[in-house]
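# give me a 3D structure for the following:
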Amino acid sequence: MKIKEIVKPVVVLVCICLVVTGALAYVNSVTQPIITKAEQDKAAEARKQVLPTADDFTEIKSKLPQGVLDAYKANNGKGYVFTVSEKGYGGEIKLICGINADGSISDISTLTHSETSGIGSRVVDNSNGYSKNYKGKSVKDYEGVDAVSGATISSKAYKKAVGDALAAYDDVKEAK
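Okay, the predicted model is just below:
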C-alpha cells in the first residue's frame with residue numbers, strides 16, 4: 001500500500017471539515033444576533049405579561065441571589081420582575097416571576113423547561129394553571145402551595161425558583 005493512497009483521503013477529509021466548519025461559523029455569526037434579539041423581545045413580552053401594571057422596566061445591576069438570572073424594576077414603581085432558574089427532574093426550569101410592589105406575586109410564566117411530557121410538564125406548562133396557585137402569595141404563604149401529584153421533583157424545583165424570586169425581591173427592595 002502506498003503512502004499516497006493513505007494521505008490523499010485524509011487530506012480530502014480535512015479539507016471537507018475545514019469548509020464545513022467555516023460554513024457553520026459563518027451561519028452562526030449571521031444568525032446569533034437575530035436569535036439574541038428574538039430572545040430579548042420574548043423576555044420583554046414576558047415581563048409585561050407577568051407584571052401588566054408596569055409601564056416599562058429598568059434592569060437592576062446589583063448582585064442577585066443564586067438562581068436569579070436577572071431582575072427588572074418597573075419604572076412606575078408597580079413592582080419587580082425576576083428571571084429565575086432551578087434544576088427540575090428533566091433539566092433546567094427557567095421562569096419569569098412578577099412581584100407587585102407590596103411583595104405579592106403578580107404572575108409567573110415558564111420560559112423554558114426540559115421536564116417529562118405529561119408528568120413534570122403539568123407543573124411548568126403555562127396553560128395548565130399550576131402557576132395560578134402562586135398568584136397573590138408572598139414570602140409568608142407561598143410555601144403552602146401543594147405539589148402536583150406525580151411530579152414532586154418538578155413541583156419542588158418550581159417552588160424553589162419562586163422562593164428565589166421572592167428572596168431577590170427582599171434584597172432589591174431593601175437596596176432602594
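
# what does stretch 142-157 contact?
Stretch 142-157 has contacts (C-beta atoms under 8 Å, 6 or more residues apart in numbering) with 86-90, 93, 105, 115-116, 119-120, 122-124, 130, 133-134, 137, 159, 162-163, 166. (Each C-beta comes from the backbone N, C-alpha and C, glycine too.)

# may I see the buried residues of it?
By neighbour count on 16 or more other C-beta atoms under 10 Å, the buried set for stretch 142-157 is 142, 145, 148, 151, 153-155, 157.

# circling back to that earlier point, can you say which of the contacts of stretch 142-157 are buried?
By 16+ other C-beta under 10 Å, those give 86, 88-90, 93, 105, 115-116, 119-120, 122-124, 130, 133-134, 137, 159, 162-163, 166 as buried.

# sitting in helices, which of the contacts of stretch 142-157 do you find?
122-124, 159, 162-163, 166 (DSSP state H).

# just the strands in this structure please.
Along the chain, counting by DSSP state E, strands occupy 57-59, 68-74, 79-87, 92-100, 105-112.

# export those strands to CSV and tack on distance to Q40 and mean pLDDT?
Formatted as CSV, the strands of the chain follow (distance: least, C-beta to C-beta, whole Å; pLDDT from 0 to 100):
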stretch, distance to Q40, mean pLDDT
strand 57-59, 11, 92
strand 68-74, 11, 94
strand 79-87, 12, 95
strand 92-100, 13, 93
strand 105-112, 12, 91
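
# now those strands in JSON lines, with distance to K2?
Shown next, in JSON lines, are those (distance: least, C-beta to C-beta, whole Å):
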{"stretch": "strand 57-59", "distance to K2": "64"}
{"stretch": "strand 68-74", "distance to K2": "58"}
{"stretch": "strand 79-87", "distance to K2": "55"}
{"stretch": "strand 92-100", "distance to K2": "53"}
{"stretch": "strand 105-112", "distance to K2": "54"}
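
# wait, which of those strands is closest to I6?
I6 lies closest to strand 92-100 among those, at 45.7 Å (C-beta to C-beta).

# what residues of that closest one count as buried?
93-100.

# pull the most distant pair out of those.
I93 and N100 (22.6 Å).

# so which elements touch the worst-scoring helix or strand of the chain on mean pLDDT?
Of the helices and strands making up the chain, the lowest-confidence element is helix 121-124, at a mean of 77, by mean pLDDT, DSSP states H and E. For helix 121-124, the packing partners by 3 or more C-beta pairs under 8 Å, 6 or more residues apart in numbering; DSSP states H and E come out as helix 152-174.

# and the helix it packs on, how far from the chain's centre?
13 Å (C-alpha atoms, centre = their mean, to the nearest Å).
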